[in-house]
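Q: show me how the following folds:
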Amino acid sequence: MKIAIITDAWSPQINGVVKTLEQTVRCLRAEGHEVLVLEPTEFSTMACPGYPEIRLSLLPYRRVKAILSGFSPDAIHIATEGPLGFAGRRYALKNGLNFTTAYHTKFPEYLEARTGIPAKHFYPAMRWFHSSAKAVMVSTDSVISELQAKGFGNLVKWSRGVDMSVFGSDPPRNKKEGADPVFLFVGRIAVEKNLEDFLGLRLPGEKWLVGDGPALENLADRYPDAIFFGSKTHAELAEIYRMADVFVFPSKTDTFGLVLLEAMASGLPVAAYPVAGPMDVLAGCEAAALRNDLLEACLTALELNPKHAIAHAQQFSWQHTTGQFLRNLHPNYAPSTNRAITGNSMHASH
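A: I've put the predicted structure just below:
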């Protein structure tokens with residue numbers, strides 16, 4: 001098929017949305033599909049307030065229209081609720097085309113964390129954005145249930161994977177007996193990640209944090225005993241995972257948490273809160289400690305067997321999740337013919 005993916009999140013950004021889309025595009029192309037990615041580097045942009053690494057496209061509709069018209073995609077997927085996502089949605093609706101969307105990020109909760117305005121005030125806009133999609137792809141069953149309770153419809157499962165060739169290629173290092181343990185966080189250094197719950201713990205050993213973000217400078221100043229590494233490449237990150245003892249995930253707003261799979265693939269037991277995201281990803285995992293008391297979770301995870309973490313991560317593959325993605329699409333045309341057919345009949349036969 002010819003598949004158009006429209007996203008406001010793309011390289012050089014480093015986050016779960018970008019990783020998911022990059023791996024999905026790689027797998028789609030490997031299976032012979034032609035994939036067009038409309039992303040911010042092709043447009044005039046401005047920095048997102050508070051997140052300068054995120055670029056917002058300026059008045060992108062005319063260019064989005066021209067590119068999509070020239071490409072004539074069999075299927076359209078809108079990945080984000082940003083300027084490009086809105087432009088792609090507008091184009092599809094004006095031309096009577098089916099499209100799918102994805103709910104990658106709990107933006108209402110993120111906005112509440114940054115503004116203090118309750119998340120419930122932002123949900124109507126999110127519900128409106130996704131309401132015209134033939135399917136809304138969501139990463140976990142818990143988030144599907146949450147969104148259904150908030151009036152979202154057409155929700156379908158689209159899980160996530162991990163590249164075992166990068167994060168599971170080498171065994172975890174043998175730790176020196178008596179050495180201080182290392183508690184690691186990887187992700188955006190931002191208020192919505194709830195990092196102060198982790199940084200404020202009285203833990204034996206060291207706290208390491210990998211990632212960039214708007215709160216990095218402030219938190220590094222306030223917590224001088226923690227080690228902040230900044231952004232790292234995949235290869236460097238894989239090495240850091242192998243040097244740690246426990247992966248700590250204090251976020252309460254992530255819809256999935258790709259880093260959970262990366263950490264487990266590297267042999268790291270996980271400490272997290274029992275909330276949507278971790279509860280789904282870590283279900284049945286013997287190397288996960290989910291507790292309302294994060295300190296208790298960290299100390300419990302320290303005693304868990306790394307082999308169980310690796311075995312759990314091996315259940316997740318990008319090839320499997322790409323298959324889910326394809327089955328969720330609602331094409332407008334028969335592949336390679338540009339012959340208009342109904343989205344439902346194409347979806348049923350796909």
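
Q: and the next helix or strand past the top helix by length along the chain?
A: For the chain, the helix that runs over the most residues, judged by DSSP state H, is helix 16-30. Per DSSP states H and E, the first helix or strand lying C-terminal to helix 16-30 is strand 34-38.

Q: what mean pLDDT does that following strand get?
A: The average pLDDT for strand 34-38 rounds to 97.

Q: sheet partners, orientation included, of that strand?
A: The pairing partners recorded for strand 34-38 under DSSP bridges are strand 2-6 (parallel).

Q: report the angle between the partner strand and helix 16-30.
A: Computed by axes from the mean of the first three to the mean of the last three Cα atoms, to 10 degrees, the angle separating strand 2-6 from helix 16-30 equals 170 degrees.

Q: pLDDT on strand 2-6, on average?
A: On average, strand 2-6 scores 98.

Q: what count of nearby residues applies to Arg327?
A: By the criterion of other Cβ atoms under 10 Å, Arg327 has 13 neighbours. Where you see a C-beta, it was placed from the backbone N, CA and C, and this is true even at glycine.

Q: that one: which element?
A: For Arg327, the host element (DSSP H and E) is helix 318-328.

Q: how far off centre is whichever helix or strand comes after that helix?
A: Going down the chain from helix 318-328, the next helix or strand is strand 333-334, by DSSP H and E. Mean-position distance between strand 333-334 and its chain equals 30 Å (Cα atoms, centre = their mean, to the nearest Å).

Q: got any ranges where the chain has weak pLDDT?
A: Applying pLDDT under 70 to the chain flags residues 50-51, 169-178, 335-350.

Q: swap the cut-off to 80 and go again
A: Counting by pLDDT under 80, the chain contains low-confidence ranges at 14, 45, 47-54, 56, 107, 110, 113-114, 168-179, 334-350.

Q: kindly report the domain assignment for it.
A: 2-161+318-349, 164-313 (automatic domain parsing).

Q: that older thread, mind listing what's buried in the helix holding Arg327?
A: Buried residues in helix 318-328, counted by 16 or more other Cβ atoms under 10 Å: Trp318, Thr321, Thr322, Phe325, Leu326, Asn328.

Q: please look at the first one and Thr24 and confirm they touch.
A: Yes. Applying Cβ atoms under 8 Å as the test, Trp318 and Thr24 come out as touching, 7.2 Å apart.

Q: circling back: quick check: the farthest pair among the buried residues of helix 318-328?
A: For those, the farthest-apart pair by Cβ to Cβ is Trp318 and Asn328; their separation is 15.2 Å.

Q: distance check, Gln283 against Asp245.
A: Wrong residue type there; residue 283 is Ala, not Gln. Distance, Ala283 to Asp245, using Cβ to Cβ, to the nearest Å: 23 Å.

Q: hang on, I meant Ala313
A: Going from Ala313 to Asp245 by Cβ to Cβ gives 17 Å.

Q: neighbour-wise, which of those two wins?
A: Ala313 (26 against 22).

Q: how about the helices of the stretch 201-350 of the chain, start to end?
A: For the stretch 201-350 of the chain, helices defined by DSSP state H, counting those that start in this stretch occupy the ranges 216-222, 234-243, 258-265, 278-281, 294-301, 306-313, 318-328, 343-349.

Q: wait, which of these is closest to Leu155?
A: With Cβ to Cβ as the measure, helix 318-328 is the member of these nearest Leu155 (10.3 Å).

Q: could you tell me the angle between that closest one and helix 16-30?
A: Using the same axes, to 10 degrees: helix 318-328 against helix 16-30 is 80 degrees.

Q: alpha carbons of helix 318-328, in PDB - could you do that?
A: Extracted in PDB, the C-alpha atoms of helix 318-328 (Å, rounded to 0.1, in the frame of the first residue of the first chain):
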ATOM      1  CA  TRP A 318       8.000  -4.200  16.200                       C
ATOM      2  CA  GLN A 319       7.000  -6.700  13.500                       C
ATOM      3  CA  HIS A 320       4.000  -7.800  15.500                       C
ATOM      4  CA  THR A 321       2.900  -4.200  16.400                       C
ATOM      5  CA  THR A 322       3.300  -3.200  12.700                       C
ATOM      6  CA  GLY A 323       0.900  -5.900  11.800                       C
ATOM      7  CA  GLN A 324      -1.500  -4.400  14.300                       C
ATOM      8  CA  PHE A 325      -1.000  -1.000  12.700                       C
ATOM      9  CA  LEU A 326      -1.800  -2.400   9.200                       C
ATOM     10  CA  ARG A 327      -4.900  -4.200  10.300                       C
ATOM     11  CA  ASN A 328      -6.100  -0.900  12.000                       C
END
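
Q: for it, name the packing helices and strands.
A: With contacts defined as 3 or more Cβ pairs under 8 Å, 6 or more residues apart in numbering; DSSP states H and E, helix 318-328 has these neighbours: helix 16-30, strand 135-138.
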